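**Student:** heads up, no residue letters with this:
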């Protein structure tokens, strides 16, 4: 992450022992809130870094932070033409850089999903399918959900028919709905990166006037989750 020439190291530079973190959004063209949140996060972190906020200074100076606001810039109406190219580019990026922690921002729900996302049995569509690091994934998911302003609020209405309150705003992906070849499963199995799917709002396409409130709902969670990159259970894997 680069806030001002001469004050923050180039994102291309790398230092031994410095963990790599990523946020991505916009994999689905109609889920725009994640993209806007990453853009707001960029602005916020640069402002706070230049203001000398020690929390943000620590994150920026001791982490390589990668922020990709739009995985699928062509949008959902053109995705069938471009998604294969974009998928290959993302895979190459993931394999090139030794990420240790990542979150992909999605929409339409308020929950954090952790792997595995695919059930082991071909006869089931929902089944709790834990990784060997299930306790770490559950903590990572909870670190985001518990600091979100609404995810663990028992008074809030469910977005749709699902109610994730019993698991404190988190869910094992395969116990929710099985997905073959998800970014979370690929990231964990093939690149040794802990990846979560973070559903940041009930509305996939909120009105511009709602963005300030959505930013406040997610701001602390976005920072807290990034700070988990220093957890020894992750960096020692």
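**Tutor:** Received, thanks. None of these values were measured; they are calculated from a predicted model. Numbering: from 1, shown residues only.
**Student:** in which helix or strand would I find the residue of the chain most remote from its centre?
**Tutor:** Most distant from the centre of the chain: residue 123, at 29.6 Å, with distances by CA atoms, centre = their mean. Assignment of secondary structure by DSSP states H and E places residue 123 within no helix or strand.
**Student:** pLDDT at it, what is it?
**Tutor:** On the pLDDT scale, residue 123 is placed at 85.
**Student:** same check, this time on residue 31
**Tutor:** So, for residue 31, pLDDT stands at 82.
**Student:** once you drop chain neighbours, what's closest to it?
**Tutor:** residue 107 (3.7 Å; CB to CB, 6 or more residues apart in numbering). C-beta here means a position set from N, CA and C on the backbone, and glycine is covered the same way.
**Student:** could you check how many residues crowd around residue 85?
**Tutor:** Residues near residue 85, counting by other CB atoms under 10 Å, number 10.
**Student:** neighbouring contacts of the strand or helix carrying it?
**Tutor:** In this assignment (DSSP H and E), residue 85 forms part of helix 79-96. Helix 79-96 has contacts (CB atoms under 8 Å, 6 or more residues apart in numbering) with 24, 28, 29, 71, 72, 74, 183, 186, 187, 190, 191, 193.
**Student:** hmm, back to that, and the residue farthest from the centre of the chain, how far is that from residue 24?
**Tutor:** Separation of residue 123 from residue 24 (CB to CB, to the nearest Å): 32 Å.
**Student:** again with residue 197
**Tutor:** Counting by CB to CB - residue 197 and residue 24 are separated by 10 Å.
**Student:** so what sits against both of these two?
**Tutor:** Both residue 197 and residue 24 are contacted by 103, 104, under the criterion CB under 8 Å, 6+ apart.
**Student:** quick check: residue 216 touching residue 201?
**Tutor:** No. Using CB atoms under 8 Å, residue 216 is not in contact with residue 201; the gap is 11.8 Å.
**Student:** same drill for those two, tell me which one is more crowded.
**Tutor:** A direct count of neighbours by other CB under 10 Å for residue 216 and residue 201 places residue 201 higher, at 25 against 10.
**Student:** need phi/psi at the more buried one.
**Tutor:** Dihedral pair for residue 201: phi -170, psi 150, per degrees, to the nearest 10.
**Student:** could you shift the numbering so residue one becomes 30, and keep it that way?
**Tutor:** Happy to do that; since the first residue is 30 now, the last one works out to residue 230.
**Student:** need the contact list for it.
**Tutor:** 62, 136, 137, 139, 243, 246, 247.
**Student:** please repeat the previous calculation with a cut-off of 7 Å.
**Tutor:** Counting by CB atoms under 7 Å, 6 or more residues apart in numbering, residue 230 makes contact with 62, 136, 139, 243.
**Student:** inside helices: which ones of those?
**Tutor:** 62, 243 (DSSP state H).
**Student:** out of the contacts of residue 230, who's nearest residue 257?
**Tutor:** Of all the contacts of residue 230, residue 139 has the smallest distance to residue 257: 19.5 Å, by CB to CB.
**Student:** in the sheet, who's paired with that closest one?
**Tutor:** Beta-bridge partners for residue 139, by DSSP bridges, are residue 229.
**Student:** where's it relative to residue 74, distance?
**Tutor:** 23 Å.
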